[in-house]
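> give me a 3D structure for the following:
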Amino acid sequence: MIDLSVSLGRLRLKNPILVASGTFGYAKEMAGVVDFARLGGVIPKTVTRHPRAGNAPPRTFETPSGMLNAIGLDNDGIDHFIHYHLPYLRTLPTAVIANIAGESEDDFVAMAEQIGREPGLAALELNLSCPNVAGGIDFAIDPDLTGRVVQRVRAVCPLPLIAKLTPNVTDVVPVAQAAAKAGADALSLVNTFVGMAIDWKRRKPILGNVTGGLSGPAIKPLALRLVWRVARNVKVPVLGIGGIATLDDVMEFLVAGASAVQLGTVNFYDPTASVRIVDALPGGLASLGADSVREVIGTLRTG
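As a prediction, this is how the structure comes out:
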């Protein structure tokens with residue numbers, strides 16, 4: 001038997017395949033097509049302290065090998081999440097990791113304290129890096145700010161913490177190091193890359209927000225490099241995100257240093273991909289002569 005279990009600090013998962021926040025709704029939307037028991041974990045849509053209407057449409061645009069989105073964290077707020085969505089999420093036969101975003105440090109602290117009192121959650125992911133939200137701060141562009149948010153959240157929330165970081169910086173390593181030093185159990189890399197699309201005939205941007213976050217296979221080589229760099233320079237586990245859609249993609253991220261992965265954009269066009277990858281993972285590990293996921297993490301040979 002191949003051991004698929006992985007540990008992300010205090011968080012233990014039955015396998016390394018998770019679905020990324022913002023691409024899987026609040027899970028109920030996928031109940032008819034995905035066997036949740038097969039997944040390592042589910043990360044529902046980001047919630048904020050107060051309801052948000054999100055950005056003006058159009059909010060998404062398909063690009064070659066990817067997608068631009070500028071949803072703007074449209075949600076009904078944390079109180080609605082706790083009272084309406086969390087009861088269902090507690091019933092899922094897999095790890096549920098809540099995801100929160102704040103417009104201020106105090107927002108993060110207040111939400112983390114509130115959600116930390118709720119049973120049924122395996123961990124909390126801090127969305128420090130949403131690139132298309134009006135009125136908010138991209139916390140993860142600043143190591144000091146990132147460290148301060150993580151440290152303050154750590155002081156009020158007993159759940160394992162995952163800091164989700166942005167690629168839109170000159171060097172992500174100092175930010176990752178700051179999050180780890182402040183108490184993050186793991187790091188998610190990466191969120192989307194800022195991009196834009198233009199209708200040149202009308203001489204107007206296509207997205208209502210002008211810019212949006214680029215995701216999908218187009219960003220995989222960039223995400224791989226950042227995961228590899230951070231995994232070599234930071235001692236806490238890394239969750240790889242960015243264009244993952246096949247077993248080969250997963251194996252590349254594991255070898256590069258990721259301890260687990262999150263599938264994102266693929267959920268929109270092939271929501272069953274995550275389960276198929278879980279089924280194929282033992283064969284991929286066996287082809288390397290490995291008896292567990294842990295044996296292949298960070299084994300890239302660079303010479």
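> alpha carbons only: can I get stretch 196-208 in CSV?
C-alpha atoms of stretch 196-208 as CSV (Å, rounded to 0.1, in the frame of the first residue of the first chain):
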residue,chain,number,x,y,z
MET,A,196,-5.4,42.4,-18.0
ALA,A,197,-7.3,41.9,-21.3
ILE,A,198,-8.1,44.6,-23.8
ASP,A,199,-10.7,45.0,-26.5
TRP,A,200,-8.6,47.0,-28.9
LYS,A,201,-11.4,47.8,-31.3
ARG,A,202,-13.3,49.6,-28.5
ARG,A,203,-10.1,50.7,-26.8
LYS,A,204,-11.4,49.5,-23.5
PRO,A,205,-10.5,46.9,-20.9
ILE,A,206,-12.5,43.7,-21.0
LEU,A,207,-12.8,43.3,-17.2
GLY,A,208,-15.0,45.7,-15.3
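> and it, what's buried?
Under the neighbour-count criterion of 16 or more other C-beta atoms under 10 Å, stretch 196-208 has 197, 205-207 buried. For the C-beta atoms, the positions are set from N, CA and C on the backbone; glycine is no exception.
> what's next to that stretch, contact-wise?
55-59, 61, 63, 68, 70, 210-212 (C-beta atoms under 8 Å, 6 or more residues apart in numbering).
> likewise for stretch 272-288?
Stretch 272-288 is contacted from outside by 2, 4, 15-17, 19, 33-35, 38-40, 245-248, 250-251, 263, 266-267, 291-293, 295-296, using C-beta under 8 Å, 6+ apart.
> pLDDT weak spots in the stretch 51-200 of the chain?
Residues of the stretch 51-200 of the chain meeting the criterion pLDDT under 70: 131-137.
> repeat the analysis, applying 90 as the threshold.
Scanning the stretch 51-200 of the chain for pLDDT under 90 picks out 103-104, 129-139.
> picking up where we left off before, can you put the contacts of stretch 196-208 in CSV and add secondary structure, neighbour count and distance to Ala122?
Shown next, in CSV, are the contacts of stretch 196-208 (DSSP: H, G, I helix; E, B strand; the rest coil; neighbours: other C-beta atoms under 10 Å; distance: C-beta to C-beta, whole Å):
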residue, secondary structure, neighbour count, distance to Ala122
Asn55, coil, 21, 30
Ala56, coil, 13, 35
Pro57, coil, 11, 34
Pro58, coil, 16, 35
Arg59, coil, 18, 30
Phe61, strand, 19, 34
Thr63, strand, 15, 33
Leu68, strand, 26, 31
Ala70, coil, 29, 29
Val210, coil, 15, 37
Thr211, strand, 15, 33
Gly212, strand, 30, 30
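> let's have those in a markdown table, adding distance to Gly9.
Below are those laid out as a markdown table (distance: C-beta to C-beta, whole Å):
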| residue | distance to Gly9 |
| --- | --- |
| Asn55 | 34 |
| Ala56 | 39 |
| Pro57 | 39 |
| Pro58 | 39 |
| Arg59 | 34 |
| Phe61 | 37 |
| Thr63 | 35 |
| Leu68 | 33 |
| Ala70 | 32 |
| Val210 | 38 |
| Thr211 | 34 |
| Gly212 | 32 |
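> show the contacting residues for Val266.
216, 244-245, 273-274.
> before we move on, the earlier item: which of the contacts of stretch 196-208 sit farthest apart?
Ala56 and Thr63 (19.5 Å; C-beta to C-beta).
> which stretches of the protein form helices?
Assigned by DSSP state H, the chain shows helices spanning 78-80, 86-89, 105-116, 143-156, 173-182, 220-233, 247-256, 266-269, 273-287.
> and these as a markdown table, adding distance to Gly25?
Converted to a markdown table, these look like this (distance: least, C-beta to C-beta, whole Å):
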| stretch | distance to Gly25 |
| --- | --- |
| helix 78-80 | 14 |
| helix 86-89 | 11 |
| helix 105-116 | 18 |
| helix 143-156 | 25 |
| helix 173-182 | 27 |
| helix 220-233 | 23 |
| helix 247-256 | 22 |
| helix 266-269 | 9 |
| helix 273-287 | 14 |
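> returning to that earlier point: farthest-separated two in the contacts of Val266?
Longest distance between any two of the contacts of Val266 is 15.4 Å, between Gly216 and Ser274; criterion C-beta to C-beta.
> tell me which of these two has more neighbours.
In terms of neighbours (other C-beta atoms under 10 Å), Ser274 is the more surrounded of Gly216 and Ser274; the figures are 30 against 24.
> and the pLDDT for that one?
Looking at Ser274, its pLDDT is 98.
> what sits opposite the closest residue to it other than its chain neighbours in the beta ladder?
Excluding the flanking residues, the one nearest Ser274 by C-beta to C-beta, 6 or more residues apart in numbering is Leu263, at 5.1 Å. Bridge pairing for Leu263 (DSSP bridges) gives the partners Val19.
> got the contact list for Leu263?
So Leu263 contacts 17-20, 23, 244-245, 273-274, 277 (C-beta under 8 Å, 6+ apart).
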